[in-house]
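Chemist: could you look at this predicted model? Sequence included:
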Amino acid sequence: MPNRYWLVILLTALSLQAHAKESAADNYKAYCVQCHGLQGNGNGVNIRDMSVVPRDHTDAKSMSGRSDETIFKAIKEGGPAIDKSILMPPWGGTLSDEEITDLVQHLRMLCKCKFGS
Amino acid sequence: MKRILLATLLGFSGAALADGGLLQKECVSCHNISGPTAQTLNEAFAKKGPDLFYAGNKYRQQWLVSWLQKPRRIRPTGIYYGNHIKAGAKEDEIDAATLTPHLALSKADATAVAAELMKLKVHDDLIAKEKIESGTISKQMGEMTFNKFLGCMACHLIEPEYGGFSGPELYTATQRLQPEFMASYIRNPQAWDPKSWMPNKHLSDVNIQKLVRYLDLLSKESANAK
């Protein structure tokens, strides 16, 4: 096989490794738990001085009031994108759209709810 | 005798320095000094100390020399906060028992390690993109920007008793960090660490300059309060 094909394969492999998708559980653990808490109930380690407390992801009533698209937008663009708190930052520079979509489903699992249910 | 025993136990001595340097011998057990940074979350979760392979782009040498002799915690919940918190009665709490103190070095070792660290500059490219403009900001405007407009206090302490815990304290930031590093990291944390817990808030140049000035103000106040 010519050397350049090996180079293409190597670069593709490195690229895939660099952009490998993380699981929603790991992304939640990495980025969400600091404010939304180990149990997802909004009681994260950072909340002591917050003027607005983080969303309780286990609250089926409030979570079912938001569509998947709205939650996706809040994660990607931050709270102000859906007229909510600036304390919820945009994660679009950290997570891919696919990872955010998975995260929305992870939240649906935490609240055991669907939009409008 | 105690000092000799301590040096032996810690493995820190002039001999260690002469034989390749403390940085390569000791610091690598907790710090990444050669790069690249964590490429996956599992790697990021396993970090024990901050990456040091760009230390020369990040820290102020004088602060390093001083801190290495009298280390104290800058990140209330360690490098990955998830390893150092537990569910509390009301909210998650810092699990202090899981946090280990940093070793203290002698003045000679601290000076030698700091000098070695300052040679590690793999991100000169990112630093070169930043230009810090001179100027001032009132404390009130800084606080408004930091807390109300940008929400940085969610994760960072801006006073010893105010702010969040998952990020490093910021009231000492300018004592520790080079201003161009602060600007660059605020602009794009993922350029330094793709798995950083800090989000890219897509801030304007104006806001980045404001934050760097505010952090400078906070650090001066903190230093004067000592």
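Modeler: Done, it's in. Numbers count the residues shown, from 1 in each chain, chains lettered A, B, ... in the order given.
Chemist: which of the residues in the longest helix along chain B are buried?
Modeler: Taking DSSP state H as the criterion, chain B has its longest helix at helix B:205-225. Buried residues in helix B:205-225, defined by neighbour count with 16 or more other CB atoms under 10 Å in any protein chain shown: B:207-219, B:222. The way it works is simple: take the backbone N, C-alpha and C, and place the C-beta from them, glycine included.
Chemist: of those, which ones also sit close to chain A?
Modeler: With CB under 8 Å from any CB of the partner chain as the criterion, those include none near chain A.
Chemist: which one of the residues you listed is nearest chain A?
Modeler: Using CB to the nearest CB, residue B:207 comes nearest to chain A of these, at 12.5 Å.
Chemist: per-residue pLDDT, that closest one?
Modeler: If you check residue B:207, the pLDDT there is 95.
Chemist: re the thing from before, hmm, which of the buried residues of helix B:205-225 is lowest in pLDDT?
Modeler: Of all these, residue B:222 carries the smallest pLDDT score, 80.
Chemist: mind listing what that one touches?
Modeler: B:171, B:172, B:175 (CB atoms under 8 Å, 6 or more residues apart in numbering or on different chains).
Chemist: out of the residues you listed, who's the most crowded?
Modeler: Neighbours here mean other CB atoms under 10 Å in any protein chain shown. Within the contacts of residue B:222, the largest count is held by residue B:171, at 22 neighbours.
Chemist: show me what contacts that residue?
Modeler: B:157, B:158, B:159, B:160, B:218, B:219, B:221, B:222.
Chemist: change it to 10 Å
Modeler: With contacts defined as CB atoms under 10 Å, 6 or more residues apart in numbering or on different chains, residue B:171 is in contact with B:156-160, B:162-163, B:215, B:217-223, B:225.
Chemist: from the contacts of residue B:222, which land in helices?
Modeler: Using DSSP H, those in helices are residue B:175.
Chemist: export the contacts of residue B:222 to a markdown table and append columns for distance to residue B:201 and pLDDT.
Modeler: Formatted as a markdown table, the contacts of residue B:222 follow (distance: CB to CB, whole Å; pLDDT from 0 to 100):
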| residue | distance to residue B:201 | pLDDT |
| --- | --- | --- |
| B:171 | 20 | 96 |
| B:172 | 22 | 96 |
| B:175 | 24 | 97 |
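Chemist: and which of the contacts of residue B:222 is nearest to chain A?
Modeler: residue B:171 (13.8 Å).
Chemist: quick one on the thing from earlier: can you show me the CA trace of the longest helix of chain B as CSV?
Modeler: As requested, the backbone C-alpha atoms of helix B:205-225 are provided in CSV (Å, rounded to 0.1, in the frame of the first residue of the first chain):
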residue,chain,number,x,y,z
ASP,B,205,-13.0,41.5,23.0
VAL,B,206,-14.4,44.3,25.1
ASN,B,207,-15.8,41.9,27.7
ILE,B,208,-12.6,39.9,27.8
GLN,B,209,-10.6,43.1,28.4
LYS,B,210,-13.1,44.0,31.1
LEU,B,211,-12.7,40.7,32.9
VAL,B,212,-8.9,40.7,32.8
ARG,B,213,-9.0,44.2,34.4
TYR,B,214,-11.5,43.1,37.0
LEU,B,215,-9.5,40.1,37.9
ASP,B,216,-6.5,42.4,38.2
LEU,B,217,-8.5,44.6,40.6
LEU,B,218,-9.6,41.7,42.6
SER,B,219,-6.1,40.3,43.0
LYS,B,220,-4.7,43.7,44.1
GLU,B,221,-7.5,44.0,46.7
SER,B,222,-6.8,40.4,47.9
ALA,B,223,-3.0,41.1,48.1
ASN,B,224,-3.6,44.3,50.0
ALA,B,225,-6.0,42.6,52.4
